[in-house]
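Novice: Fold the following for me, if possible:
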Amino acid sequence: MTAILRMTDVHRVHGSGETVVRALDGVSLEIHPGELVAVMGPSGSGKSTLLNLAGALDLPTSGTVAIDGEVTTSLGSQALAALRRRRVGVVFQDLNLIPSLTAAENIGLPLELDGSRVSEARRAALGALRDLDLVELADRFPDQMSGGQQQRVAIARALVGERRLVLADEPTGALDSVTGDGVLAVLRARCDAGAAGMLVTHESRHAGWADRVIYLRDGRIVDETAR
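Specialist: Numbering: from 1, shown residues only. Okay, here's the model as predicted:
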């Protein structure tokens with residue numbers, strides 16, 4: 001089975017000389033369709049850097065990152081943007097919702113940017129909200145929602161459309177345990193339906209939803225366990 005995400009000997013270096021920081025140091029990783037991989041490790045171990053490279057939000061200093069067969073360093077800025085819109089869904093820690101758009105508009109925006117009609121994008125957005133029991137928020141703006149509601153809207157945006165790779169950076173941070181488990185169940189279901197998923201988490205309980213757990217330290221994978 002072809003991996004949706006393939007990272008081969010990936011290095012990410014910031015700075016040079018005495019100030020050099022090796023955020024990732026020779027990481028190789030594959031995630032296949034139907035698989036959810038949790039990433040754990042102490043602060044500063046490279047978890048967020050790994051997620052940013054996996055989502056084509058950043059490029060490696062050396063090594064290759066391939067998403068659905070597309071090597072990110074071989075693509076121009078427009079092709080990278082299209083890859084992210086069409087195939088990658090990312091749940092950011094800081095959410096990145098647009099204040100002037102409603103929940104449904106925030107969720108449907110990537111589809112509209114990719115050429116979908118407004119009506120089609122709204123229909124898909126409502127479906128994503130329904131999966132998270134949030135349909136009543138469709139026409140609310142971010143400042144009319146609680147932090148937990150905003151977080152679930154951000155997750156719905158990451159899951160809308162035909163995303164082949166879903167990346168989540170501490171997606172349940174602002175949620176109570178019951179709501180958080182509901183979010184992880186939706187992420188698990190998307191992977192069971194054929195997507196590949198990466199979940200960055202500090203919580204062993206959340207990692208329990210994953211098929212594999214990899215442990216990072218000082219930019220390297222130091223251990224891996226199958227669940």
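Novice: Could I get the full set of strands for the chain?
Specialist: 5-14, 21-31, 36-40, 62-67, 70-71, 88-91, 165-169, 196-200, 212-217, 220-226 (DSSP state E).
Novice: Let me have the ones you listed in TSV, extended by mean pLDDT, distance to residue 130 and mean neighbour count.
Specialist: C-betas here are computed from N, CA, C, even on glycine. Output for the strands of the chain, formatted as TSV (pLDDT from 0 to 100; distance: least, Cβ to Cβ, whole Å; neighbours: other Cβ atoms under 10 Å):
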stretch	mean pLDDT	distance to residue 130	mean neighbour count
strand 5-14	97	28	18
strand 21-31	96	27	19
strand 36-40	97	22	24
strand 62-67	98	28	18
strand 70-71	96	31	14
strand 88-91	89	17	24
strand 165-169	92	18	25
strand 196-200	95	20	26
strand 212-217	97	30	18
strand 220-226	95	33	12
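Novice: if I look at residue 190, how far off is residue 219?
Specialist: Applying Cβ to Cβ, to the nearest Å, the value for residue 190 to residue 219 is 28 Å.
Novice: what's the answer for residue 14, then?
Specialist: 11 Å.
Novice: Return, as residue ranges, the portions of the protein with sub-threshold pLDDT.
Specialist: For the chain, the stretches with pLDDT under 70 are 174.
Novice: Determine the longest helix present in it.
Specialist: Ranked by number of residues, the top helix in the chain under DSSP state H is helix 177-192.
Novice: picking that back up, determine which of the strands of the chain approaches residue 186 most closely.
Specialist: Closest approach to residue 186 among the strands of the chain is made by strand 165-169 (9.9 Å; Cβ to Cβ).
Novice: so how far is residue 137 from the residue most central in space within the chain?
Specialist: The centre of the chain sits closest to residue 167, judged by Cα atoms, centre = their mean, with a distance of 1.7 Å. For residue 167, the distance to residue 137 equals 23 Å [Cβ to Cβ].
Novice: ditto for residue 223
Specialist: Residue 223 is 40 Å from residue 137, by Cβ to Cβ.
Novice: Same question for residue 189.
Specialist: 20 Å.
Novice: the more surrounded of the two?
Specialist: Remark: of residue 189 and residue 137, residue 137 carries more neighbours, 22 against 12, as counted by other Cβ atoms under 10 Å.
Novice: Without its sequence neighbours, what residue ends up closest to that one?
Specialist: Computed as Cβ to Cβ, 6 or more residues apart in numbering, the closest residue to residue 137 that is not its neighbour in sequence is residue 103, at 4.6 Å.
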